[in-house]
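A.B. asks: for reference, the sequence and a predicted model appear below.
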Number of protein chains: 2
Amino acid sequence: MSKFAILGHGVVGSGTAELFLKNKDNINKRQGTDIDLKYILDIRDFPDSPYAEKFVKDINVILEDDEVTVVAECMGGINPAYTFVKSCLERGKSVCTSNKQLVAEKGAELHAVAKANNCNFMFEASTGGAIPILRPLHTCLAANEITAIAGILNGTTNFILTKMIEENMTFDAALTMAQQLGYAEKDPTADVEGHDACRKICILASLAFGSHVYPQWVYTEGISSVTLEDAAYATSANSAVKLIGSVWKLKNGKLLISVRPCFVCRSCQLALIDDVFNGIMVCGDGIDRVMFYGRGAGKLPTASAVLGDVIDCFKQTGTVMSQTWEDSRSSSFIEDHLNAEVRMYVRLDGVSRETAEKLFPGSVYLDREGKPESELAFITTYMLEKDIIHNLNSLGSAVLGKMPLLDM
Amino acid sequence: MSKFAILGHGVVGSGTAELFLKNKDNINKRQGTDIDLKYILDIRDFPDSPYAEKFVKDINVILEDDEVTVVAECMGGINPAYTFVKSCLERGKSVCTSNKQLVAEKGAELHAVAKANNCNFMFEASTGGAIPILRPLHTCLAANEITAIAGILNGTTNFILTKMIEENMTFDAALTMAQQLGYAEKDPTADVEGHDACRKICILASLAFGSHVYPQWVYTEGISSVTLEDAAYATSANSAVKLIGSVWKLKNGKLLISVRPCFVCRSCQLALIDDVFNGIMVCGDGIDRVMFYGRGAGKLPTASAVLGDVIDCFKQTGTVMSQTWEDSRSSSFIEDHLNAEVRMYVRLDGVSRETAEKLFPGSVYLDREGKPESELAFITTYMLEKDIIHNLNSLGSAVLGKMPLLDM
């Protein structure tokens, strides 16, 4: 009998127990395994739970039980999750986690601990929720040189942007609605300011390119400054405004990585992903491009990904070598986004077309319903972002909005 | 050193050699492997090939070389691919194939041979080209009860339908264009009549539900009878005509499986997949729904999938138990599509609305530009398909077109 434990009985942890116990017999039959859930760790009491006998409050019960060889960490946050996960790995117990903060900040270290103890640290659920992305990336796509990854990695912000684009709701109204529906937290900062998406693109970049990318190295912009006017101009340019986390392998060998709102042309599949759904596009020299789509969060979708890892751990005989990355001591392999060429959407107030043409020659001008006489909106040709910023700075408060075009 | 051989040096076989030799060093570094290509089997001569020394004409050279532990079969067709693959598996050599006909017709048998010889029979490239779908299905999604799979599984027909919908081209003109671009064969029957998509939905259904579904058990309709009028009515119903291969697990335990053109509502991601791209939607009790998108054919995309399997085979220590299905002696687990409830789009000529309402009460009527007075088009409520057919038969030659709505 192969036993596992779940750390945490919140949304994801309780979903993981529920989905496993519902489908246990079929899972074991199909997979040729004999897996069972032995413990659930939580400091709270759940006397009415149908599996109340599985609850423990002391991590040492799990650490010291040799029958438990796999642990699912669904607590979230760094402490005490980090200590618990490291202790499990040090005892040779594989860990599967849904904790993107833990992976983004401690992934390289925990990988190394797993390797040293001949077990596995897996985290499919940390990125894209239900969407299979990490395992396909290092197995199915293993023959490719990955050139770029770009995705809608946060469902809350995609819901807000969809409401702004489709229903002309303001950012504030859409955020309130997201909170009422339970899609956004009371304090929505981590979602709205792009920190959540940042952690996920860090995980994708680290896995795809083999060196740990820390969140503080990633240029991150949220969506709180996106306006209905920006959304209208995007529509007029056959595009949609999306919060895109992306990483590109540049010719100079460096990574260009950012999280920021972008104009995404409707000929790109990512522009068509609405509401709380996530989508991740991967480009490589063999595949051209593939995209993965689904629910990026939620109780059972995330539980599905945690359990996929748990089942896989029981089938592995040692460390999976291909799912790993090295630690990186400096950010020298990350390119400053200001040094990259982009096409930029720009919205100005009280600037003459003549002035705009001098600063941004060859731009494509945009229109929208109800455009005031004094407003000017356009998409630049390819320019270094630092030159664009320099030119916009010369216009001071006349700059009402800007965002780059996603170029895939 | 781990050595593999490629059978066949056509489009897919040569792509597999090319992509592997280009990325070999990085693959081995990232995966912690030491893989090399030893032989390419082809009856033709390739004296100018940069790896001319690898070519052999006799399968026995490969069969008898113990250093070759994995074989990539890229020949296509049943003979001699079937004999070669079986001989390889019998000697304990794992086989990775892009050959959907072989998998759809002989999958259960070849699985059993692989299992008996402690090696693997893998076929990611047989379905969805570059798109990772089969491995995610039996690994990442392993905790789910799969309830349905529906996909655009053939790029040629999707290209033709896209041209009909977007550019108002006739079926014949779009087919000619597809042939000129190399997307369609001179004899386009296998694509256009749905046989290619049928093989792929058989593979998906067999893997997801564990019993071999043979192509001759699947209700299959092609796209040659789809008209521009049908496409226009689909647009007016906020839908697109797509050739959909689908399988549903019914409450009675049977599988409902078909390949046929459908109206797909634009709120479903599958409606948004255009040109030669493929997309496969999987529904399950944990994930809700996930979709996989990418190039379903082509030299390097298919090679990427073959090599993903080859690399995985070298990392496996024995048979992968979860990727298997049992043979099935009868089709009794397949539900007759006529016994299922559907909503059907219907186009009639010279039938009064009164008559139509009597036969199909509660239908939603459709309009299109240039609709003749005598034409009537509508979407029925849910009815048993056999009742719909019975009613339509009573109208004889007045029936100009019909197709079901995809209900996902």
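C.D. replies: Great, that's in hand.
A.B. asks: name the residues of stretch A:235-250 that are buried.
C.D. replies: Buried residues in stretch A:235-250, counted by 16 or more other C-beta atoms under 10 Å in any protein chain shown: A:235, A:237, A:239-249. For glycine as for every other residue, the C-beta is placed from the backbone atoms N, C-alpha and C.
A.B. asks: now name the helix or strand holding the residue sitting nearest the centre point of chain A.
C.D. replies: Chain A has residue A:200 as the residue nearest its centroid, 3.0 Å off, counting by C-alpha atoms, centre = their mean. Following DSSP states H and E, one finds residue A:200 within helix A:195-209.
A.B. asks: list the strands paired with the helix or strand just after that helix, with their directions.
C.D. replies: Note on helix A:195-209: by DSSP H and E, the next helix or strand toward the C-terminus is strand A:219-220. Strand pairing for strand A:219-220, using DSSP bridges, gives strand A:255-265 (parallel).
A.B. asks: avg pLDDT for the strand it pairs with?
C.D. replies: The pLDDT scores in strand A:255-265 average 98.
A.B. asks: tilt between it and helix A:195-209?
C.D. replies: 120 degrees (axes from the mean of the first three to the mean of the last three C-alpha atoms, to 10 degrees).
A.B. asks: with just CA atoms, put strand A:255-265 into CSV.
C.D. replies: The C-alpha trace of strand A:255-265 is given here as CSV (Å, rounded to 0.1, in the frame of the first residue of the first chain):
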residue,chain,number,x,y,z
LEU,A,255,15.8,36.1,-21.1
LEU,A,256,13.3,38.9,-21.7
ILE,A,257,10.7,38.5,-19.1
SER,A,258,7.8,40.6,-17.9
VAL,A,259,4.2,40.7,-16.6
ARG,A,260,2.2,43.6,-18.1
PRO,A,261,-1.0,44.5,-19.9
CYS,A,262,-0.6,44.1,-23.6
PHE,A,263,-2.6,44.6,-26.8
VAL,A,264,-3.1,41.0,-28.1
CYS,A,265,-4.2,40.7,-31.7
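A.B. asks: mind giving me the packing neighbours of the helix holding residue A:200?
C.D. replies: Packing partners of helix A:195-209 (3 or more C-beta pairs under 8 Å, 6 or more residues apart in numbering or on different chains; DSSP states H and E): helix A:100-116, helix A:134-138, strand A:146-152, strand A:219-220, strand A:239-249, strand A:255-265.
A.B. asks: buried set for the host helix or strand of residue A:28?
C.D. replies: Assigned by DSSP H and E, residue A:28 falls within helix A:11-31. By neighbour count on 16+ other C-beta under 10 Å, the buried set for helix A:11-31 is A:11-20, A:23, A:27-28, A:30-31.
A.B. asks: and the host helix or strand of residue A:173, what does it pack onto?
C.D. replies: Using DSSP H and E, the element containing residue A:173 is helix A:171-180. Packed against helix A:171-180 by the contact rule (3+ C-beta pairs under 8 Å, 6+ apart) you find helix A:155-167.
A.B. asks: do the helix it packs on and chain B meet at all?
C.D. replies: No. Using C-beta under 8 Å from any C-beta of the partner chain, helix A:155-167 stays clear of chain B, coming no nearer than 11.4 Å.
A.B. asks: one more: stretch A:281-297?
C.D. replies: Yes. Counting by C-beta under 8 Å from any C-beta, contacts between stretch A:281-297 and chain B involve A:284, A:285, A:286, A:287, A:288, A:289, A:290, A:291, A:292, A:293, A:294, A:295.
A.B. asks: hang on, isn't the fourth one packed against residue A:142?
C.D. replies: No. Using C-beta atoms under 8 Å, residue A:287 is not in contact with residue A:142, being 11.1 Å away.
A.B. asks: shared neighbours of the two, anything?
C.D. replies: Contact with both residue A:287 and residue A:142 is made by no residue, according to C-beta atoms under 8 Å, 6 or more residues apart in numbering or on different chains.
A.B. asks: have a look at the two and say which one is more surrounded.
C.D. replies: residue A:287 (29 against 24; other C-beta atoms under 10 Å in any protein chain shown).
A.B. asks: so where's the stretch 1-150 of chain A shaky on pLDDT?
C.D. replies: Counting by pLDDT under 70, the stretch 1-150 of chain A contains low-confidence ranges at A:1.
A.B. asks: what residues does it put near chain B?
C.D. replies: Residues of the stretch 1-150 of chain A lying close to chain B by C-beta under 8 Å from any C-beta are A:19-20, A:22-23, A:26-27, A:30-33, A:124, A:130-132, A:135-136, A:138-145.
A.B. asks: what is the neighbour count of the residue nearest to residue A:362 when sequence neighbours are not counted?
C.D. replies: Distance criterion C-beta to C-beta, 6 or more residues apart in numbering or on different chains; nearest residue to residue A:362, sequence neighbours excluded, is residue A:381 at 4.4 Å. Counted with other C-beta under 10 Å, the neighbours of residue A:381 add up to 12.
A.B. asks: residue A:381 contacts residue A:342, correct?
C.D. replies: No. Residue A:381 is beyond contact range of residue A:342, at 10.1 Å (criterion: C-beta under 8 Å).
A.B. asks: need the max-distance pair from the buried residues of helix A:11-31.
C.D. replies: The largest separation in those, counting by C-beta to C-beta, is between A:11 and A:30 at 26.4 Å.
A.B. asks: can you list the domains in chain A?
C.D. replies: A:2-129+A:300-315, A:135-294, A:337-404 (automatic domain parsing).
A.B. asks: from residue A:233, how far off is the spatially most distant residue from the centre of chain A?
C.D. replies: Most distant from the centre of chain A: residue A:354, at 41.3 Å, with distances by C-alpha atoms, centre = their mean. In this view, residue A:354 and residue A:233 are 21 Å apart by C-beta to C-beta, to the nearest Å.
A.B. asks: quick one: distance of stretch A:58-70 to the chain centre.
C.D. replies: 31 Å (C-alpha atoms, centre = their mean, to the nearest Å).
A.B. asks: now it - C-alpha only, PDB.
C.D. replies: Extracted in PDB, the C-alpha atoms of stretch A:58-70 (Å, rounded to 0.1, in the frame of the first residue of the first chain):
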ATOM      1  CA  ASP A  58       1.700  17.600  14.400                       C
ATOM      2  CA  ILE A  59       3.800  17.400  11.200                       C
ATOM      3  CA  ASN A  60       6.100  14.900  13.000                       C
ATOM      4  CA  VAL A  61       3.400  12.200  12.800                       C
ATOM      5  CA  ILE A  62       3.800  12.400   9.100                       C
ATOM      6  CA  LEU A  63       7.500  12.900   9.000                       C
ATOM      7  CA  GLU A  64       8.100   9.800  11.200                       C
ATOM      8  CA  ASP A  65       5.700   7.500   9.400                       C
ATOM      9  CA  ASP A  66       7.700   5.500   6.900                       C
ATOM     10  CA  GLU A  67       4.500   4.300   5.200                       C
ATOM     11  CA  VAL A  68       3.900   7.900   3.900                       C
ATOM     12  CA  THR A  69       6.200   8.300   0.900                       C
ATOM     13  CA  VAL A  70       4.400  11.200  -0.800                       C
END
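A.B. asks: may I see the buried residues of that stretch?
C.D. replies: A:59, A:62, A:63, A:65, A:68, A:69, A:70.
A.B. asks: in strands, which of those residues fall?
C.D. replies: In strands, judged by DSSP state E, the following of these are found: A:68, A:69, A:70.
A.B. asks: now do the same contact list for the first one.
C.D. replies: With contact set as C-beta under 8 Å, 6+ apart, residue A:68 has these partners: A:3, A:4, A:5, A:38, A:39, A:62, A:93.
A.B. asks: check the residues you listed against residue A:102 and report the nearest one.
C.D. replies: Distances from residue A:102 to those, taken by C-beta to C-beta, are shortest for residue A:93, at 15.8 Å.
A.B. asks: many thanks, have a good one.
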